[in-house]
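Enquirer: Got a predicted model here, sequence first, then my questions.
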Amino acid sequence: MPYPRERPRRLRGSPAMRRLVGETTLDPHHLVLPMFVREGAVEPRPVPSMPGVVQHSAESVRKAAVEAVEAGVGGLMLFAIPENKDAEGSGGYDPDGALNVAIRDVVSEVGNATVVMADLCLDEFTDHGHCGVLTPDGAVDNDATLEAYRRMAVAQAEAGAHVVGPSGMMDGQVGAVRDALDGAGHAGVAILAYAVKYASAFYGPFRDAVESTLTGDRRTYQQDPANAFEALREVRLDVEEGADMVMVKPALSYLDVVTRIREAVDVPVAAYQVSGEYAMIEAAAANGWIDRERAVEESLVSIRRAGADMILTYWAVEVARRL
Ligand code: PBG
């Protein structure tokens, strides 16, 4: 009888043994909570396609930020839904615009205890829903958009953001934002570049959450899901332009990209477990088809195992509490 000489099962025999040989850790500080604030809201409003996620009011976001910090999350990423939008997305750089007010509120509440980050993109502020301003024939105008991003970066820094997250996938956005920040005396504000952002169907529920007005798609600026070398190029450019951290988005369908990027750069790598990833697990669990807590944790551990140093996830607080 030929017995197996190697028996990997020895190291799986008890919870203590499995813990001893566990390769990947998941700690609260690895998790960043994305939060939505709705201008003018008097109470939090549920987002139907993201059970458990709300559009916050000015008051509820402060409270939720405190709870997140108490749970030990590594940071907060803020988004806002403005009452008014225009073709230029001017609410993004108006110091009294919805997001800049939210940054100020959250920083005054928890700014010393956590890292406050802000999404730096025009899509929530434009009436056409694109991430940039348009040319007369309706194309997204890269370089005119960079001017808007520069102003938005300074407004966010002035509101107190510790980190800005340019997410519009315009060429040169990181360099433009770094230059604007430095020129305005904000050399200490860091950039988390959404360096690798795919044109993904998994953003569907997010567009509900921010009441996106987009018709059409973002394929002229977000990446083709088929491409990974292109991701390396995007990351190289962003690091050269001054990104302090880089992000891959979405996460679960792009774990190979996370791994390749982790090997290619010497800055922290983030992955964004996006709204559709959240909604899929929540929906399957609501139907009783999967074990919700195990699926949530497995998805997060997988993203860490692939190489992400930090994960943006709508489950950040719940998981941080459990850990
Ligand atoms: C753009 C932005 C998007 C997300 C974060 N920042 C959406 C998009 O490109 O349409 C998606 C996040 C998610 O799906 O959870 N400002």
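Expert: It's in.
Enquirer: Mind checking the pLDDT average for stretch 26-36?
Expert: In this model, stretch 26-36 has an average pLDDT of 98.
Enquirer: Equivalent analysis for stretch 182-201, please.
Expert: Stretch 182-201 comes out with an average pLDDT of 97.
Enquirer: Keeping just the C-alphas, turn that stretch into CSV.
Expert: Presented in CSV, the C-alpha positions along stretch 182-201 are these (Å, rounded to 0.1, in the frame of the first residue of the first chain):
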residue,chain,number,x,y,z
ASP,A,182,1.9,71.7,-4.0
GLY,A,183,1.3,75.1,-5.6
ALA,A,184,-1.4,75.8,-3.1
GLY,A,185,0.6,74.9,-0.1
HIS,A,186,-0.8,71.4,0.4
ALA,A,187,2.4,69.3,-0.2
GLY,A,188,1.3,67.2,2.8
VAL,A,189,-1.9,65.9,1.2
ALA,A,190,-1.5,62.4,-0.2
ILE,A,191,-2.8,61.0,-3.5
LEU,A,192,-4.5,57.6,-3.7
ALA,A,193,-4.7,57.2,-7.4
TYR,A,194,-7.5,55.1,-8.9
ALA,A,195,-4.7,54.1,-11.2
VAL,A,196,-6.4,51.0,-12.7
LYS,A,197,-10.1,51.4,-13.1
TYR,A,198,-12.0,49.2,-15.5
ALA,A,199,-15.1,50.1,-17.4
SER,A,200,-17.1,47.6,-15.2
ALA,A,201,-20.7,46.5,-15.0
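Enquirer: what's the closest non-adjacent residue to Pro48?
Expert: Asp208 (6.7 Å; C-beta to C-beta, 6 or more residues apart in numbering). Just so you know, the C-beta spots here come from the backbone N, C-alpha and C atoms, and that holds for glycine as well.
Enquirer: Assign that neighbour to helix, strand or coil.
Expert: Following DSSP: H, G, I helix; E, B strand; the rest coil, the label given to Asp208 is helix.
Enquirer: Contact partners for it?
Expert: Residues in contact with Asp208 (C-beta atoms under 8 Å, 6 or more residues apart in numbering) are 47-50, 275.
Enquirer: For the residues you listed, which single residue is the most surrounded?
Expert: Ser275 (25 neighbours; other C-beta atoms under 10 Å).
Enquirer: From what I see, that one and Pro48 are in contact.
Expert: No - counting by C-beta atoms under 8 Å, Ser275 does not reach Pro48; the two are 11.8 Å apart.
Enquirer: List the buried residues for the helix ranked longest in the chain?
Expert: If you go by DSSP state H, the chain has its longest helix at helix 142-159. Buried residues in helix 142-159, counted by 16 or more other C-beta atoms under 10 Å: 142, 145-146, 148-150, 152-159.
Enquirer: Please compute how far the helix or strand of the chain with the lowest mean pLDDT lies from its chain's middle.
Expert: None of the helices or strands of the chain scores lower by mean pLDDT, DSSP states H and E than helix 204-209, at a mean of 91. Centroid separation between helix 204-209 and its chain, computed with C-alpha atoms, centre = their mean, to the nearest Å, is 13 Å.
Enquirer: so what's the residue in the stretch 101-250 of the chain positioned nearest to the ligand up against?
Expert: Minimum separation of the stretch 101-250 of the chain from the ligand (C-beta to the nearest ligand atom) falls at Phe206, amounting to 3.1 Å. Shown in contact with Phe206 (C-beta under 8 Å, 6+ apart): 50, 212, 274-276.
Enquirer: Turn those into a markdown table, including pLDDT and secondary structure.
Expert: Shown next, in a markdown table, are the contacts of Phe206 (pLDDT from 0 to 100; DSSP: H, G, I helix; E, B strand; the rest coil):
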| residue | pLDDT | secondary structure |
| --- | --- | --- |
| Met50 | 97 | coil |
| Ser212 | 89 | coil |
| Val274 | 98 | coil |
| Ser275 | 98 | helix |
| Gly276 | 98 | helix |
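Enquirer: Redo those residues as JSON lines? Include distance to Asp96.
Expert: Putting the contacts of Phe206 into JSON lines (distance: C-beta to C-beta, whole Å) gives the following:
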{"residue": "Met50", "distance to Asp96": "28"}
{"residue": "Ser212", "distance to Asp96": "22"}
{"residue": "Val274", "distance to Asp96": "29"}
{"residue": "Ser275", "distance to Asp96": "28"}
{"residue": "Gly276", "distance to Asp96": "32"}
